[in-house]
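J.: prediction below, plus the sequence it came from.
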Amino acid sequence: MKKRKQTTPLLSALTISMLCTSVAAAAGAHGTYQKYDTDGWSQPAIAVLMQGLANRDYPWSNAGSGNAVIPSANQPNPVELPVDYMEPPEATASHTGNDAAGQTDAAASGSLSDAQPGTSTSGSLSDAQPGTSTSGSLSDAQPGTSTSGSLSDAQPENAATGDEGHPSGNSQPASAASPQPASRQYEFTNVTQEYFDDALLIGDSRAEGVALYSGWDNLTYYAEGGMTIYNMFQRQVAKEDGQKISVEEALQKHTFGKIYLEIGINEMGTGTLDSFMEAYENAVNHLRELQPDAILYLCGIMYVKQSKSESDPIFNNPNIQARNDRIAQLADGENIFYLDINELVTDETGNLNPDYTWDEVHLLGKYDSLWLDYFCSHGIVKEAH
């Protein structure tokens with residue numbers, strides 16, 4: 001009887017895997033991996049797939065979710081340089097939304113990390129905002145906060161006792177009869193350059209441009225191209241005795257009266273709007289922990305030029321506006337304020353003025369002072385205590 005020839009299992013597995021890889025490459029060449037398909041149909045689909053995998057873009061990832069980072073503004077002659085929006089891999093910040101919370105050393109914890117004024121929540125909440133009603137365990141409650149459950153800093157006069165001469169039973173806490181005054185709301189006013197003697201600007205390459213070309217040296221800068229909300233506290237950009245230390249260390253050693261946070265453009269190719277805002281809010285909370293007396297200014301992300309916005313699926317103005325809308329919600333009018341530089345640098349179309357930029361993203365050096373012009377017309381002055 002003639003024996004039937006059998007196919008080697010290894011050969012079958014290899015054939016099936018190659019078939020699946022080819023199908024995934026062909027499907028992703030004009031989807032998830034579209035940005036790597038530079039030569040159209042003349043480029044092998046498998047090559048596109050390999051490029052995507054090398055950049056940690058997987059077939060199940062959203063299209064355009066790579067780790068593109070806007071380059072540094074520190075260029076010797078930026079007007080003549082070619083446009084290039086990708087930094088070398090070692091200079092980019094590759095993070096996911098899950099990494100963000102751990103890297104920012106955020107102060108917020110519990111079931112809700114980003115409670116807004118007037119929000120009712122339950123569970124554990126740290127750093128609750130004024131006017132927030134909570135139940136459960138609460139630490140560091142702010143004035144005007146209504147709570148129930150466990151409270152770590154209960155006042156002795158609020159507790160009923162059975163001792164002679166002291167109330168007992170159903171006596172009400174003194175705070176119930178004497179509600180705390182509402183928080184003070186401040187409005188913007190004009191300030192001069194001396195206002196910034198105790199101010200700090202933290203940010204990415206756009207803030208770096210202000211440090212390089214504005215001409216103001218009384219303002220402290222912790223700025224670097226490639227800085228993101230995910231890595232800002234770890235970046236070693238602060239100078240201390242001729243050496244560089246991390247932003248975290250510097251904020252523990254020095255005290256500032258005002259802190260300007262200009263960040264957000266690099267993160268647009270990473271994670272989602274929600275994961276970005278979670279990291280952003282954690283960073284804001286941590287800044288408040290490290291510098292509790294500082295006025296905190298949150299700078300909206302500056303727009304890009306119209307041609308850039310209309311051609312780029314990631315770095316475009318609708319995406320920027322969606323993030324700015326969420327950032328603005330963090331302002332409380334008392335300690336945290338939102339600034340929108342786009343009021344000063346956009347043209348009649350609502351996009352970054354083409355006369356102000358050399359690469360569709362950054363301002364020309366001579367226009368970096370516009371940031372400080374805007375800051376001067378949007379200062380907050382509090383009465384001395």
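T.: Sure, I can see it. Given the structure is predicted, the values throughout are model-derived calculations rather than measurements. Residues are numbered from 1 along each chain as shown.

J.: low-confidence ranges, this protein, go.
T.: Residues of the chain that meet the criterion pLDDT under 70 lie in 1-7, 21-181, 384-385.

J.: what about the helices in it?
T.: All helices of the chain, identified by DSSP state H, fall at 9-28, 45-54, 97-103, 174-177, 205-213, 247-253, 273-290, 306-311, 317-328, 342-345, 369-376.

J.: mean neighbour count for these - can I get that in TSV?
T.: All C-beta atoms are positioned from the backbone trio N, CA, C, and that covers glycine. Listed next are those as TSV, based on neighbours: other C-beta atoms under 10 Å:
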stretch	mean neighbour count
helix 9-28	13
helix 45-54	18
helix 97-103	17
helix 174-177	10
helix 205-213	23
helix 247-253	17
helix 273-290	21
helix 306-311	16
helix 317-328	17
helix 342-345	16
helix 369-376	18
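
J.: make TSV out of those and add distance to K239.
T.: Conversion of those to TSV gives the following (distance: least, C-beta to C-beta, whole Å):
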stretch	distance to K239
helix 9-28	45
helix 45-54	36
helix 97-103	22
helix 174-177	46
helix 205-213	12
helix 247-253	9
helix 273-290	18
helix 306-311	33
helix 317-328	28
helix 342-345	29
helix 369-376	21
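
J.: go through these and name the closest to L352.
T.: L352 lies closest, by C-beta to C-beta, to one member of the helices of the chain: helix 342-345, at 6.0 Å.

J.: excluding its backbone neighbours, what's nearest G257?
T.: D198 (3.8 Å; C-beta to C-beta, 6 or more residues apart in numbering).

J.: what about the one you found, neighbour count?
T.: 16 (other C-beta atoms under 10 Å).

J.: T349 now?
T.: 12.

J.: would you confirm that it contacts Y303?
T.: No: in this structure T349 lies outside contact range of Y303 using C-beta atoms under 8 Å: 10.1 Å.

J.: can you pull the buried residues of stretch 228-237?
T.: Buried residues in stretch 228-237, defined by neighbour count with 16 or more other C-beta atoms under 10 Å: 228-233, 235-237.

J.: of all the helices of the chain, which one comes closest to N190?
T.: Distance to N190, taken as C-beta to C-beta, is lowest for helix 369-376 among these, at 6.4 Å.

J.: wait, what's in contact with the nearest residue to A207 once chain neighbours are set aside?
T.: Using C-beta to C-beta, 6+ apart and skipping residues adjacent in sequence, the residue nearest A207 is A223, 3.9 Å away. Contact analysis of A223 by C-beta atoms under 8 Å, 6 or more residues apart in numbering lists 201-205, 207-208, 210-211, 237, 262.

J.: repeat for L339
T.: Counted by C-beta under 8 Å, 6+ apart, L339 has contacts 260, 297-300, 374-375, 378.

J.: I16: which of these is nearest?
T.: Nearest member of these to I16, counting by C-beta to C-beta, is G300, at 51.1 Å.

J.: surely the closest one touches D340?
T.: Yes: here G300 reaches D340: they are 4.2 Å apart, a contact under C-beta under 8 Å.

J.: joint contacts of these two?
T.: 324, 328.

J.: circling back: nearest to E281 among the contacts of A223?
T.: Among the contacts of A223, and counting by C-beta to C-beta, the member closest to E281 is I202, at 15.5 Å.

J.: the residue lying closest to that closest one once chain neighbours are set aside: neighbouring residues, count only.
T.: Excluding the flanking residues, the one nearest I202 by C-beta to C-beta, 6+ apart is Y222, at 4.8 Å. Using other C-beta under 10 Å, Y222 has 24 other residues around it.

J.: give the contact list for Y222.
T.: 200-203, 235, 237-238, 247, 250.

J.: quick one: it and D204, what's the gap?
T.: 11 Å (C-beta to C-beta, to the nearest Å).

J.: on that earlier part again, show me the contacts of Y222 that map onto strands.
T.: 200-203, 237-238 (DSSP state E).

J.: about what we covered before: which ChimeraX command selects the buried ones in the contacts of L339?
T.: Here is the ChimeraX command that selects the buried residues among the contacts of L339 (16+ other C-beta under 10 Å):
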select :260,297,298,299,300,374,375,378
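
J.: would you list the contacts of L339 in TSV and tack on distance to E289?
T.: As requested, those are arranged in TSV below (distance: C-beta to C-beta, whole Å):
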residue	distance to E289
Y260	18
Y297	17
L298	16
C299	20
G300	23
Y374	27
F375	24
H378	25
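
J.: out of the contacts of L339, which sit inside strands?
T.: 260, 297-299.

J.: what's the closest of these to F276?
T.: L298 (13.3 Å).

J.: E262 against D340, yeah?
T.: No: the pair E262 / D340 is not scored as a contact, 11.6 Å apart, by C-beta under 8 Å.

J.: so for these two, which residue has more residues nearby?
T.: E262 (25 against 19).

J.: can you count the residues close to the closest residue to the more buried one other than its chain neighbours?
T.: Excluding its sequence neighbours, the residue lying closest to E262 (C-beta to C-beta, 6+ apart) is G203, at 3.4 Å. If you count neighbours by other C-beta under 10 Å, G203 ends up with 26.

J.: enumerate every residue touching G203.
T.: Counting by C-beta under 8 Å, 6+ apart, G203 has contacts 210, 222-223, 227, 260-263, 299.

J.: what residues are bridge-paired with it?
T.: A223, E262 (DSSP bridges).

J.: how close does it sit to N266?
T.: 10 Å.

J.: overlap in contacts of the two?
T.: Joint contacts of G203 and N266 (C-beta under 8 Å, 6+ apart) are M227.
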